[in-house]
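**Student:** one predicted model, sequence on top.
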Amino acid sequence: MSGTTPARVAVVGIHGHGASHVRAVDELEEQGTARLSAVVDPREPGPDGPDAPWFPTLGDLLTAQDEDARPDVVVLATPIHTHLPLARAAMEAGVDVLLEKPTATSLAEHAELIAVAERTGRRCQVGFQTFGSHALPAAADLVARGEIGEVLGVGAVGTWVRTAGYWARAPWAGHRRLDGRAVVDGVVTNPLAHAVATALRIGGARTTDDVAYVDVDLWRANPIEADDTSAVRVVGTDGTRYGFGLTLCASDRTPARVLVLGTEGELELEYEHDVLRLRTPRVVAEKAYIRTSLLEDLLAARLDPEREILCDVRETGAFMRVLDAVRTATDPSPIGADHVEWLGEGDDRHPVVRDVAQWCERVAREQRTFSELGAPWTT
């Protein structure tokens with residue numbers, strides 16, 4: 001991008017995860033490819049906040065008379081139920097969008113986002129950062145070359161820990177609905193959404209039409225409305241089977257993994273670290289890959305009309321089929337107290353579901369739900 005005018009980037013939602021987007025823009029400013037033109041948040045930044053004009057709402061920014069503040073790209077790091085209205089407003093104002101995951105609260109909202117992008121001709125990149133990992137095409141190449149034989153299934157295992165403080169961090173945290181609107185915050189659709197989306201991507205399921213059906217088995221150990229321990233089975237229209245075993249109630253946080261299981265071996269991707277492992281009777285190999293920033297990718301695509309972005313909103317349709325299945329499912333069932341041990345105090349207090357890691361592993365490898373496998377808390 002040498003010799004080009006730096007793109008004007010505004011970050012909407014600068015507290016919490018949004019702060020990392022502000023830092024990312026600052027790094028690009030040092031490279032001369034972007035500059036932080038404005039920040040948007042209901043709370044005004046403090047004295048140590050970003051050195052950029054502040055606006056309380058996106059509407060205030062988009063209608064501002066200050067041309068220097070008006071963005072070419074907005075980064076939306078806001079609650080999920082605000083994604084559609086904010087992204088729609090930005091694209092209708094002629095601005096490209098980097099939209100934090102998950103994409104939207106329903107398939108209907110996802111379809112509207114696609115329609116707005118097509119009508120306005122703007123780009124809408126969704127923030128599944130793993131889609132920028134060079135490990136994903138490497139995995140696809142190994143599968144295509146037959147290194148693990150015929151693919152039998154694709155799975156994801158996520159065994160994380162979340163405390164009481166995590167569920168108290170925001171009014172929408174841990175809710176399926178809030179003030180009559182879908183929020184769909186839970187293990188499948190938010191903290192471990194990357195596990196689901198990455199596994200679907202590696203397996204070749206991208207759009208809504210790539211998914212035949214979804215089965216969900218939702219549970220909770222925390223006193224919340226949403227799920228914190230869930231099993232999901234997806235079957236693609238091409239017959240590929242997917243199993244996702246996910247929990248926020250593990251004894252220890254372990255790296256989330258995507259598994260590609262074959263007749264002659266398996267691939268394991270630690271997507272948080274972009275580490276890909278190949279295991280077959282002939283060879284065991286491991287390699288770490290680099291990752292392309294989704295914001296940099298979006299900025300590069302603005303200079304090349306023929307370039308496809310890495311995580312186009314259209315290609316999050318398969319993930320949205322899973323999210324919609326979670327949204328429309330019966331509320332998660334509570335896990336009985338005799339299967340849960342509580343550790344810690346105050347904001348650090350958290351539940352541990354006994355042997356949950358082993359059950360999550362089985363879900364991923366067998367593409368069966370907790371209930372089908374007979375996990376003890378389901379009987």
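**Tutor:** That came through, no problem.

**Student:** C-alpha from now on. contacts and neighbour counts both.
**Tutor:** Fine.

**Student:** give the buried residues for stretch 282-302.
**Tutor:** 291, 293-295, 297-302 (16 or more other CA atoms under 10 Å).

**Student:** would you turn the residues you listed into TSV with secondary structure?
**Tutor:** Converted to TSV, these look like this (DSSP: H, G, I helix; E, B strand; the rest coil):
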residue	secondary structure
Arg291	strand
Ser293	coil
Leu294	helix
Leu295	helix
Asp297	helix
Leu298	helix
Leu299	helix
Ala300	helix
Ala301	helix
Arg302	helix
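
**Student:** quick one: pLDDT of Ser2?
**Tutor:** Ser2 is assigned 48 on the pLDDT scale.

**Student:** before we move on, what about Gly49?
**Tutor:** At Gly49, pLDDT is 82.

**Student:** gap between it and Val22?
**Tutor:** 10 Å (CA to CA, to the nearest Å).

**Student:** over to Ile202?
**Tutor:** On the measure of CA to CA, Ile202 and Val22 end up 30 Å apart.

**Student:** quick one, which of those two is more surrounded?
**Tutor:** With neighbours defined as other CA atoms under 10 Å, Ile202 and Val22 compare such that Val22 has more, 24 against 21.

**Student:** am I right that that one is in a strand?
**Tutor:** No - using three-state DSSP, the assignment for Val22 is helix, not a strand.

**Student:** now do the SS call for the closest residue to it other than its chain neighbours.
**Tutor:** In space, and not counting its chain neighbours, Val22 is closest to Val11: 6.6 Å by CA to CA, 6 or more residues apart in numbering. The local conformation at Val11, judged by three-state DSSP, is strand.

**Student:** and for Val11, the neighbour number?
**Tutor:** Other residues close to Val11 by other CA under 10 Å number 26.

**Student:** which strand residues bridge it?
**Tutor:** Val39, Val75 (DSSP bridges).

**Student:** which residues in the chain form helices?
**Tutor:** Ranges of helices in the chain, per DSSP state H, are 18-31, 58-62, 83-92, 107-120, 135-144, 164-167, 193-203, 294-302, 317-328, 356-366, 370-373.

**Student:** turn the ones you listed into TSV, including mean pLDDT and distance to Leu76.
**Tutor:** TSV is the format used below for the helices of the chain (pLDDT from 0 to 100; distance: least, CA to CA, whole Å):
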stretch	mean pLDDT	distance to Leu76
helix 18-31	93	8
helix 58-62	97	10
helix 83-92	98	7
helix 107-120	98	14
helix 135-144	97	25
helix 164-167	97	21
helix 193-203	98	17
helix 294-302	97	12
helix 317-328	98	18
helix 356-366	98	32
helix 370-373	98	35
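
**Student:** nearest to Pro281, out of those helices?
**Tutor:** helix 135-144 (15.1 Å; CA to CA).

**Student:** what inclination does the closest one have with respect to helix 193-203?
**Tutor:** 40 degrees (axes from the mean of the first three to the mean of the last three CA atoms, to 10 degrees).

**Student:** tell me which other helices or strands helix 135-144 touches.
**Tutor:** helix 193-203, strand 275-279 (3 or more CA pairs under 8 Å, 6 or more residues apart in numbering; DSSP states H and E).

**Student:** list the buried residues of it.
**Tutor:** Buried, per 16+ other CA under 10 Å, within helix 135-144: 135-136, 139, 143.

**Student:** need the residues touching each of Gly49 and Val22.
**Tutor:** Contact with both Gly49 and Val22 is made by no residue, according to CA atoms under 8 Å, 6 or more residues apart in numbering.

**Student:** nearest residue to Ala164 in space, please, no chain neighbours.
**Tutor:** Asp347 (4.9 Å).

**Student:** tell me the contacts of the one you found?
**Tutor:** Asp347 touches 163-166, counting by CA under 8 Å, 6+ apart.

**Student:** 10 Å instead?
**Tutor:** Asp347 is in contact with 163-168, counting by CA atoms under 10 Å, 6 or more residues apart in numbering.

**Student:** am I right that Thr4 is in contact with Gly32?
**Tutor:** Yes - using CA atoms under 10 Å, Thr4 is in contact with Gly32, at 8.5 Å.

**Student:** the more surrounded of these two?
**Tutor:** A direct count of neighbours by other CA under 10 Å for Thr4 and Gly32 places Gly32 higher, at 16 against 10.

**Student:** I'd like to know how far that one sits from Pro6.
**Tutor:** Taken as CA to CA, the span from Gly32 to Pro6 is 6 Å.

**Student:** same check, this time on Asp209
**Tutor:** From Asp209 to Pro6 the distance is 38 Å (CA to CA).

**Student:** Ala168 too?
**Tutor:** Taken as CA to CA, the span from Ala168 to Pro6 is 39 Å.

**Student:** so for those two, which sits in the more crowded spot?
**Tutor:** Between Ala168 and Pro6, Pro6 has the larger neighbour count (other CA under 10 Å), namely 18 against 12.

**Student:** Ala87 touches Ala115, doesn't it?
**Tutor:** No - the criterion here is CA under 10 Å, and Ala87 misses it with Ala115 at 11.7 Å.

**Student:** can you pick out the residue with more neighbours from these two?
**Tutor:** Ala87 (24 against 14).

**Student:** who touches the closest residue to Thr57 other than its chain neighbours in this structure?
**Tutor:** Spatial nearest neighbour of Thr57, chain neighbours left out: Val40 (5.8 Å); criterion: CA to CA, 6+ apart. Contact analysis of Val40 by CA under 10 Å, 6+ apart lists 10-14, 52-61, 74-76.

**Student:** my read: Asp331 touches Gly186, true?
**Tutor:** No - the criterion here is CA under 10 Å, and Asp331 misses it with Gly186 at 11.3 Å.

**Student:** now, of the contacts of Val40, which are buried?
**Tutor:** So, by 16+ other CA under 10 Å, the buried ones in the contacts of Val40 are 10-14, 53-55, 57-58, 61, 74-76.
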